[in-house]
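J.: Give the three-dimensional model of this entry:
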Amino acid sequence: ALVHACAEMGDIERAQVTIGEMEALNIWPDTVTYTALISCAVNAGEPQKAFEIAEKMKVKGVRKDVRSYTALVHACAEMGDIERAQVTIGEMEALNIWPDTVTYTALISCAVNAGEPQKAFEIAEKMKVKDVHLNVRTYNALVHACAEMGDIE
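T.: Prediction:
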């Protein structure tokens, strides 16, 4: 719970100290812990650090889940790195971990932040084809794409 609180506040330093304390007590971080740490890095404005944390997960043998991958796509959105986001999506799908509404919405935001708002609509169409529900946040991201394109209709 403490790592999650740090994630909400974007306090990456405190989160890392907390994880160090856990490990000193032989309490090993799991997927949920690392995912919170990834989110913490994004919320702290250090999205590149999210990928360093993901690499540490791999080294430690902790598997990523849909939430972990979604947090990484959020990191890509913060960086405006649509290529890296698509690689991340490809990696998760190769492991039979399927993007959900939140994942795709983060990918839409990433496309907009990368200066490719038209790609946002391609992603939304892919969601429909894959029968992934579009929610209010998805549509908000699409409206943002319209704004970026100057399309107010």
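
J.: Around the closest residue in space to residue 100 that isn't next to it in sequence, count how many other residues there are.
T.: Distance criterion C-beta to C-beta, 6 or more residues apart in numbering; nearest residue to residue 100, sequence neighbours excluded, is residue 66 at 5.8 Å. C-beta coordinates here come from the backbone N, C-alpha and C atoms, glycine included. The number of residues packed around residue 66, counting by other C-beta atoms under 10 Å, is 15.

J.: what's the answer for residue 133, then?
T.: The tally of other residues near residue 133 (other C-beta under 10 Å) stands at 10.

J.: in stretch 42-49, what counts as buried?
T.: Counting neighbours by 16 or more other C-beta atoms under 10 Å, one finds that the buried residues in stretch 42-49 are 42-44, 46-47, 49.

J.: Check the secondary structure at residue 99 for me.
T.: Classification of residue 99 using DSSP: H, G, I helix; E, B strand; the rest coil returns coil.

J.: quick one: it and residue 10, what's the gap?
T.: Distance of residue 99 to residue 10, computed by C-beta to C-beta, to the nearest Å: 25 Å.

J.: Looking at the two, which one has more neighbours?
T.: Applying other C-beta under 10 Å to residue 99 and residue 10 shows that residue 99 carries more neighbours, namely 23 against 16.

J.: and stretch 117-133, how far from the chain's centre?
T.: Relative to the chain's own centre, stretch 117-133 is displaced by 17 Å; criterion: C-alpha atoms, centre = their mean, to the nearest Å.

J.: outside of that stretch, which residues touch it?
T.: Under the criterion C-beta atoms under 8 Å, 6 or more residues apart in numbering, residues 82, 99-101, 104, 107-109, 111-112, 134, 138, 141-142, 144-146, 148-149 lie in contact with stretch 117-133.

J.: Those in strands, which ones?
T.: Using DSSP state E, no member of the contacts of stretch 117-133 falls in strands.
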